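Asker: please find the sequence and the predicted model below.
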There are 2 protein chains.
Amino acid sequence: MTSQARDRSEPVLIVGSMAFDDLELPTETAKDVVGGAATYAAYAASLFAPTRIVAVVGDDFPSSALESLSAHGVDIAGVERKAGKTFRWAGRYAANLTSRTTLDTQLNVFADFRPRLPESYQRSPFVLLGNIQPGLQLEVLEQTRSPRFVAADTMNFWISSERAALGEVLTRLDLLVINDEEVRQLAEDHNVKRAARAVLAMGPKRLVVKRGEYGALLFDEHGMFFAPAYPLENEIDPTGAGDSFAGALIGYLASQPSIDEGALRRSVMMAATVASFCVEDVGTRRTAALSRADVAARLDELRTLVRFSS
Amino acid sequence: MTSQARDRSEPVLIVGSMAFDDLELPTETAKDVVGGAATYAAYAASLFAPTRIVAVVGDDFPSSALESLSAHGVDIAGVERKAGKTFRWAGRYAANLTSRTTLDTQLNVFADFRPRLPESYQRSPFVLLGNIQPGLQLEVLEQTRSPRFVAADTMNFWISSERAALGEVLTRLDLLVINDEEVRQLAEDHNVKRAARAVLAMGPKRLVVKRGEYGALLFDEHGMFFAPAYPLENEIDPTGAGDSFAGALIGYLASQPSIDEGALRRSVMMAATVASFCVEDVGTRRTAALSRADVAARLDELRTLVRFSS
């Protein structure tokens, strides 16, 4: 995307993890892959809007990774570098890439992460809260000044362990983005439509349910919207696809003149589009290389995929 | 649907099983439920086109079930009644209805089923071959005279055991309708897009992949089309939903002036719509009670579900 187009967008603040991932993929094994939810989301959001990131990395984190984000127009003033090691996740994917096993999680400097917003971030109109403790998500919101749109993405770890703080976060959200399993778990109902209604009753104004290769559903006061996933032929690494989805979604919304039903539906289509690229290479490689033209072309294909005459 | 509208449609011939099902559903247990692929498909097809059925039942099969089909305009001249018991299937569904266990299968009179087309059926322009032995499917085709459009639905049992005859059937098909698992199994590839291309290379002109609550994908020479499933709130019994899908699809096609890309895409939307009703009650109850107005209203909701402005 050209900086000219991005100039009309409002800034997006993303808070979440930056990490090293060790990936056992069906096609290859990759170690020390720069990842983390905030990293993926920031690359995706920066396609559409000026993006700011709050995260923590250790002294082992490569400066080149931060410089690459900067080169994409991501403001990294909020990335704290602490003595110690960067958060590390190791996982193994099944042959069909639909399930994965966590082999190791080392929180390292992420264990004591206390997000601090630089002064320049505090008036961010768009905020994406990544998958961190709900108590910390609330601390982030306390440091912002009347954000226009607050979204949170993924909360699997906290559904059973931090229900009270999570409940408070939910009431503060303009949009909750979670996956199929999380919405069923949160609502304790296996039916996605009933579960979505139950989750909306917990506070968020809107809900997007991510269903991986099966697309995504938007639930709001206007009803439901369904965006298909782009059917891929060469799936390499799904790591970060959900984070890219959320980042693209909020980035696109921040580029829109108003957040109406049309903008929301388009944002989910855009999110599905950007997330599909993420899966086509290891780590952030494909997402970081994306041009706005790549995205526009695939969005067009996605549009064709569901087009029919009556 | 009014008979007036149906008068403009071409006849559809359906060959498959008629059965008793014993169902252990999460909400209830139902015994001696009249089912079978041909029954479900015939109810669905008859919404759109005059429908003819070839099947076999035992002397225990209720005349009222056949009369109900007749009352829906289904020609039952091809239903053979044989001494003995009707095919019976017993199954238990998981709480979320996404998986099921077969508890018992008694082929009974279905074991020796040799489909015989009454003279009046032989010029059927639209043919739907249900999940019977590929050898028998070929016998059906030998009894037809230049059908305009031949579809087959579901072939799980025959993918490993009757590969040669199955291969011959595939080359005779204008459309193959199978589920996610079957397309992967048939192509020996877990990626649905690659698997679809491999299956198309085996002969069928078009392929529809049924994905249950995740919708359906049409693959043909024009590319891909995706129809979402209608998100249901009250799922009772998925038995026969796939058969209703296939029946509605071919019935709708038979009602169209030409089988072009638009008609095919609409037929998949219509199939998804009709199949969604099937799940809302036990057995054929909901499908048999459907009016064309019910279908039109839900199709409109399905259309809204994927509508967005660019």
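Answerer: Structure's in. What do you need?

Asker: now do the buried residues in stretch A:127-147.
Answerer: Neighbour counts over stretch A:127-147 (16 or more other Cβ atoms under 10 Å in any protein chain shown) mark A:127-134, A:136-141, A:143-144, A:147 as buried. No exception for glycine: its C-beta is placed from N, CA and C like everyone else's.

Asker: brain fart, stretch A:87-98
Answerer: Under the neighbour-count criterion of 16+ other Cβ under 10 Å, stretch A:87-98 has A:87, A:88, A:89, A:90, A:91, A:93, A:97 buried.

Asker: out of those residues, what pair is the most spread apart?
Answerer: By the measure Cβ to Cβ, the buried residues of stretch A:87-98 have their two most distant members at A:87 and A:97, which lie 22.8 Å apart.

Asker: who in chain A is up against chain B?
Answerer: A:95-96, A:190-194, A:211, A:213-215, A:217, A:223-228, A:231-233, A:235, A:262, A:265-266, A:269, A:303-310 (Cβ under 8 Å from any Cβ of the partner chain).

Asker: how about the CA coordinates for stretch A:57-64, as CSV?
Answerer: Taking Å, rounded to 0.1, in the frame of the first residue of the first chain, the C-alpha atoms of stretch A:57-64 are listed here in CSV:
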residue,chain,number,x,y,z
VAL,A,57,11.5,-8.6,23.4
GLY,A,58,14.7,-10.0,25.0
ASP,A,59,18.3,-9.0,24.1
ASP,A,60,18.5,-11.9,21.7
PHE,A,61,15.8,-10.4,19.4
PRO,A,62,17.3,-9.4,16.1
SER,A,63,17.3,-5.7,15.4
SER,A,64,16.7,-6.5,11.7
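
Asker: what about the top helix by length along chain A, distance to the chain center?
Answerer: Assignment by DSSP state H gives helix A:261-278 as the longest helix of chain A. Counting by Cα atoms, centre = their mean, to the nearest Å, helix A:261-278 is centred 12 Å from the centre of its parent chain.

Asker: skipping its backbone neighbours, what lies nearest residue A:93 in space?
Answerer: The shortest distance from residue A:93 to any non-neighbouring residue, by Cβ to Cβ, 6 or more residues apart in numbering or on different chains, is to residue A:100 (4.7 Å).

Asker: strands along the stretch 101-250 of chain A, start to end?
Answerer: A:126-129, A:149-153, A:175-179, A:207-210, A:216-220, A:223-227 (DSSP state E, counting those that start in this stretch).

Asker: what's the fifth one in contact with?
Answerer: For strand A:216-220, contacts defined as Cβ atoms under 8 Å, 6 or more residues apart in numbering or on different chains pick out A:192, A:196-197, A:200, A:205-211, A:224-227, A:229, A:245, A:261, A:264-265, A:268, A:271-272, B:231.

Asker: next one: the second one
Answerer: Contact partners of strand A:149-153, identified using Cβ under 8 Å, 6+ apart, comprise A:16, A:37, A:41, A:125-131, A:137, A:141, A:169, A:172-178, A:204, A:242-243, A:246, A:249-250, A:253-254, A:259.

Asker: and it, which strands flank it?
Answerer: If you go by DSSP bridges, strand A:149-153 pairs up with strand A:126-129 (parallel), strand A:175-179 (parallel).

Asker: just to revisit the earlier point, which elements pack onto the longest helix of chain A?
Answerer: If contacts are counted by 3 or more Cβ pairs under 8 Å, 6 or more residues apart in numbering or on different chains; DSSP states H and E, helix A:261-278 sits against helix A:37-45, strand A:216-220, strand A:223-227, helix A:241-254, helix A:285-289, helix A:292-305.

Asker: and the ones you listed, which is most packed in?
Answerer: Comparing the helices and strands packed on helix A:261-278 by mean neighbour count (mean count of other Cβ atoms under 10 Å in any protein chain shown), helix A:37-45 ranks first with a mean of 32.

Asker: could you check the angle the helix or strand just after that one makes with helix A:37-45?
Answerer: Counting by DSSP states H and E, the next helix or strand C-terminal to helix A:37-45 is strand A:51-58. With axes from the mean of the first three to the mean of the last three Cα atoms, to 10 degrees as the basis, strand A:51-58 and helix A:37-45 are set at 150 degrees to each other.

Asker: just the C-alpha atoms of stretch A:27-43, please, in CSV.
Answerer: Only the C-alpha atoms of stretch A:27-43 are listed here, as CSV (Å, rounded to 0.1, in the frame of the first residue of the first chain):
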residue,chain,number,x,y,z
THR,A,27,7.3,-29.7,4.7
GLU,A,28,10.2,-28.4,6.8
THR,A,29,11.6,-27.6,10.3
ALA,A,30,12.2,-24.0,11.0
LYS,A,31,13.9,-22.7,14.1
ASP,A,32,14.2,-19.1,15.6
VAL,A,33,11.4,-17.9,13.3
VAL,A,34,10.5,-14.3,14.3
GLY,A,35,6.8,-14.4,15.2
GLY,A,36,4.4,-13.5,17.9
ALA,A,37,0.8,-12.3,17.6
ALA,A,38,1.8,-8.6,17.6
THR,A,39,4.3,-9.1,14.8
TYR,A,40,1.9,-10.9,12.5
ALA,A,41,-0.9,-8.4,13.3
ALA,A,42,1.3,-5.4,12.7
TYR,A,43,2.5,-6.6,9.3
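
Asker: and that stretch, average pLDDT?
Answerer: In this model, stretch A:27-43 has an average pLDDT of 97.

Asker: tell me the gap between that stretch and the middle of its chain.
Answerer: For stretch A:27-43 - counting by Cα atoms, centre = their mean - the centre lies 13 Å from the chain centre.

Asker: which residues are contacting whichever strand or helix holds residue A:78?
Answerer: Assigned by DSSP H and E, residue A:78 belongs to strand A:74-82. Under the contact criterion Cβ under 8 Å, 6+ apart, strand A:74-82 has outside partners A:13, A:18, A:42-43, A:46, A:50-59, A:61, A:66, A:69-70, A:109, A:115-118, A:120-121.

Asker: which members of those residues are classed as buried?
Answerer: Buried among those (16+ other Cβ under 10 Å): A:13, A:18, A:42-43, A:46, A:50-58, A:61, A:66, A:69, A:109, A:115, A:117, A:121.

Asker: now do the end-to-end distance for stretch A:129-137.
Answerer: 6 Å (Cα to Cα, to the nearest Å).

Asker: could you do stretch A:286-293 as well?
Answerer: Criterion Cα to Cα; first-to-last residue distance in stretch A:286-293 is 14 Å.

Asker: how distant is it from the center of its chain?
Answerer: Distance, centroid of stretch A:286-293 to centroid of chain: 16 Å (Cα atoms, centre = their mean).

Asker: do stretch A:140-159 as well
Answerer: The chain centre lies 12 Å from the centre of stretch A:140-159; the measure is Cα atoms, centre = their mean.

Asker: ok, stretch A:112-128 next?
Answerer: How far stretch A:112-128 lies from its chain's middle: 16 Å, per Cα atoms, centre = their mean.

Asker: contacts for that stretch, please.
Answerer: A:10-17, A:41, A:45, A:49, A:52, A:54-56, A:75, A:77-78, A:80, A:132, A:136, A:139-141, A:143-145, A:147-153, A:246-247, A:250, A:253-254.

Asker: one step back: mean pLDDT and distance to residue A:299 added to the strands paired with strand A:149-153, as CSV?
Answerer: As requested, these are exported to CSV (pLDDT from 0 to 100; distance: least, Cβ to Cβ, whole Å):
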stretch, mean pLDDT, distance to residue A:299
strand A:126-129, 98, 20
strand A:175-179, 97, 19
